[in-house]
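Undergrad: what follows is a predicted protein model with its sequence.
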Amino acid sequence: MKRIAPLASTLMLTLVGTSFGARAADQREDGENRDSLPTVNVTAAGASRARSASVAGFDDAALLDTPASVSVVGAARISDQQSRLLSDVVKNDAAIGENYAPVGYYENFSIRGITLDPGSAYRIDGLSAAGEQSIALENKERVEFLKGVAGLQAGVVAAGGLVNYVTKRPAEVRSITLGTDSNGSRYLATDLGTLFGQHKQFGLRINAAHEDIHSYVNGADGWRDFASLAGTWAIGARTLLQVNAEYQQKSQRSVAGYQLLGGTTLPSGVSPKNMLTPQSWAQPVRDSSLNTNLRLDTELGTDWRAYVQAGRSRAVIDDNSAFPYGSGTFASTSFAANGDFDVYDYRVPNDERRNDDAQAAVIGKFATGALQHELTMGLALTRRVIDKPDGVNDLVGSGNIDGTPPLPASPLVSGPAYRNLDNRQKAVFASDRVHFSRQWQALLGGRQVWMDEQAYSSGGTASRFTHRNVFLPQLALIFKPIDNMSIYGSYAETLTLGTTAPFWTNNFGVTLPPSVARQLEAGVKVDATSALSLTAALFRIRRAYEYQQPDGAGGYDYVQQGRQTNTGIELGADGKLSPRLLVGATAALTRARASGTGTAAYDDQQAVNVPRLRTSVYADYAVAGVDGLNVTGSWLYSSSKPVTRDGSVQLPAVHLFNAGARYQLRLGGHAATLRFNIDNLFDRRYWKDAGQYLGDSYVHLGATRTARLSLQYDF
């Protein structure tokens, strides 16, 4: 199907929104400004720190009273940094890193040194979303990160934590943003919203965007179209209905990572601008996603309320690439020492991932004698299915890191898609915040999970069934010596699904059993001023260790043996140091070690792709004497991090510097904001990521220096 001209369609939405907003303005002039919808949080440019988040519980809660490590990046900073991808956002928190996030492909990340599970770790408005997509930021009010074990919140989820995207709610807003960058990309986005009805009981908000992506990597260009609709209906004084729908199409050639030369050496003298396998028959990776959710809130009385919410997230990936992998034999997992590699025609069309999620909860306050309780009880239903074909993965020739000749495409054709996985979960959960006094609180909670997972082999034949019935507790004690300071200690558990053996192991296709991960954490949070918060946390996470164990005969068995223990310290400061200076600074010191693996070379080694120290510092300064002008800058540091399990190969440490400016002005009587950013200011060449994918290790080069320019016009 031919695409509608995206720039024209986005401009049409803007024109519709102009008349849409004009009618709302006419209503205001008529004096209809009576009862309105419940408060809508709208983050203005230059806003300071976040004060609440929902990712660590089941509703918004003050960060000061949340006994967990939570970071929030709001819409203002997302706009000011001109972020388009989650990788642009996570650079604000040192505890979060890329873990196999190649250009042109959906990204994945790690938190506290533990890779996130795309099936359960990514959420939109608290409901699980298929992580195999690039979730758009244009309609997001903020992105919340829960760092660490999240069994109470999500049940079956990797021990690293959760990412929650919070959508923008309807408000009186009309803006258009135009952008470009030094690679020649073009960007257009609109944000249109209004409240209407006799008592402003209805609200609508439309976000739309088109992007022509010109990558810094030669031959990796693409495009993206996005549209979303948010609606709100105040059915009565006590009941609120919210609906959201967002659709995105993205097409871009993916950029494969490098493998070690001879299994022992990082490639040298390579440029981030060069694609390893430029072939005329290679197609862009296409990713289509549709995310919808609905939520109904109602007040049951003075101290009690309830909500019901449900959502569906669907992503369909057409994976096409000329993929470099190994050298000489199909079992080789590294490039040759001279830089040679094999090239595969890799195609997996119609790869569908779908998450269905529903949740109901009752929240209330009551007293038992001198104790005050804040109780949450609820139930949740989750289903995740994967439908995809076996695809094509056919050797078509060879290349070298210095250049790859034209190669023929494979004549093979992919077979039909079939059900690969069907995971169903039922859960009941409860948490009780008990106030013993003004200074002491305890949080007692847990989640009872019943999980049934059916896996299928090629052709759709049932191959493995897993059933688990597990209770996941979470306990915390909070001490507030003064009103603006909290000290907490917590314990939490989660159920982590086992991973599947890679194709080159002896037990290829075997999925390891689920295991329980446990976390201890202690922390301090201080609201130093009304605009500045300080945090510190000490944690220890223990989970099962899974790896390819040498069998002594040149082969490998994929096993779950031993334990990985991640211990760390995280420090943070967020907010305004002065009326003119806003800062966001974090530091993460992480020791991630394996023990009892049965392979002496791997014991007590730092985990792959986990730096021992990472820091992130962001500053935004309002220039004195020049109204509306702010200068921004950031410094990112990562110490060296292992590429191999025995620690014999490391990615070098790296310092990155970014700079920018923002100028607020008036155009035609309306507010406008001009933003200019330079990422990788000194054009540093560096390796950004040593993440693993399907059991294989890859290293990815970081982006070259890139300048971005945008103009936001509010009308």
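TA: Yes, it's here.
Undergrad: could you use CA atoms for every contact and neighbour count after this?
TA: Will do.
Undergrad: which element is the residue positioned nearest the centre of the chain on?
TA: The centroid of the chain falls nearest to Val163 when counting by CA atoms, centre = their mean (5.0 Å). Assigned by DSSP states H and E, Val163 falls within strand 161-167.
Undergrad: strand partners (parallel or antiparallel) of that strand?
TA: Taking DSSP bridges as the criterion, strand 161-167 forms sheet pairs with strand 122-124 (parallel), strand 140-147 (antiparallel).
Undergrad: need the ones you listed in a markdown table (columns: distance to Pro267).
TA: Putting the strands paired with strand 161-167 into a markdown table (distance: least, CA to CA, whole Å) gives the following:
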| stretch | distance to Pro267 |
| --- | --- |
| strand 122-124 | 33 |
| strand 140-147 | 33 |
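Undergrad: and of those strands, who's closest to Thr66?
TA: Shortest distance between Thr66 and those, using CA to CA, is found for strand 140-147: 10.7 Å.
Undergrad: make a markdown table out of the strands paired with strand 161-167 and add mean neighbour count and mean pLDDT.
TA: Listed next are the strands paired with strand 161-167 as a markdown table, based on neighbours: other CA atoms under 10 Å; pLDDT from 0 to 100:
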| stretch | mean neighbour count | mean pLDDT |
| --- | --- | --- |
| strand 122-124 | 23 | 97 |
| strand 140-147 | 22 | 98 |
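Undergrad: skip ahead from the strand holding Val163 and say which helix or strand is next.
TA: As assigned by DSSP H and E, the chain's next helix or strand after strand 161-167 is strand 173-181.
Undergrad: report all helices and strands that that next one contacts.
TA: helix 6-29, strand 186-196, strand 706-714 (3 or more CA pairs under 8 Å, 6 or more residues apart in numbering; DSSP states H and E).
Undergrad: who's in contact with it?
TA: 14, 17-18, 21, 185-194, 706-715 (CA atoms under 8 Å, 6 or more residues apart in numbering).
Undergrad: quick revisit: ok, which of the strands paired with strand 161-167 comes nearest Ile78?
TA: Among the strands paired with strand 161-167, the nearest to Ile78 by CA to CA is strand 140-147 (8.2 Å).
Undergrad: ok now the very next helix or strand once past the closest one, how far from the chain's centre?
TA: Following strand 140-147 in sequence order, the next helix or strand is helix 151-154 (DSSP H and E). Distance of helix 151-154 from its chain centroid, counting by CA atoms, centre = their mean, to the nearest Å, is 17 Å.
Undergrad: give me the contact list for helix 151-154.
TA: Applying CA under 8 Å, 6+ apart, the contact partners of helix 151-154 are 55-58, 120, 157, 429, 445-447, 472-474, 492-495.
Undergrad: now for Arg123: which residues touch it?
TA: When contacts are counted by CA under 8 Å, 6+ apart, Arg123 touches Ala129, Leu162, Val163, Asn164, Tyr165.
Undergrad: cutoff 6 Å now
TA: By CA atoms under 6 Å, 6 or more residues apart in numbering, Arg123 lies in contact with Ala129, Asn164.
Undergrad: hey, what's it bridged with?
TA: Bridge pairing for Arg123 - DSSP bridges - gives Ser128, Asn164.
Undergrad: how close does it get to Glu144?
TA: From Arg123 over to Glu144 the distance is 10 Å, taken as CA to CA, to the nearest Å.
Undergrad: next: Ser175.
TA: To Glu144, Ser175 is 24 Å away according to CA to CA.
Undergrad: Gly131 too?
TA: To Glu144, Gly131 is 15 Å away according to CA to CA.
Undergrad: was I right to think Ser321 contacts Tyr344?
TA: No - proximity of Ser321 to Tyr344 does not meet the contact threshold set by CA atoms under 6 Å, at 8.1 Å.
Undergrad: these two - which one has more neighbours?
TA: Ser321 (25 against 22; other CA atoms under 10 Å).
Undergrad: can you give me the neighbour number for Phe479?
TA: Neighbourhood size, Phe479 [other CA under 10 Å]: 18.
Undergrad: re the thing from before, quick check, pLDDT for the residue nearest to the centre of the chain.
TA: Note for Val163: predicted pLDDT of 98.
Undergrad: list the contacts for it?
TA: Val163 makes contact with Tyr122, Glu144, Phe145, according to CA under 6 Å, 6+ apart.
Undergrad: what's the separation between the second one and Ser69?
TA: Spatial separation of Glu144 from Ser69 under the definition CA to CA is 11 Å.
Undergrad: same deal with the last one?
TA: Here Phe145 is placed at a distance of 8 Å from Ser69 (CA to CA).
Undergrad: and the strand of greatest length in the chain, what other elements does it pack with?
TA: Assignment by DSSP state E gives strand 340-368 as the longest strand of the chain. Packing contacts for strand 340-368, counted by 3 or more CA pairs under 6 Å, 6 or more residues apart in numbering; DSSP states H and E, involve strand 304-325, strand 371-388, strand 392-400.
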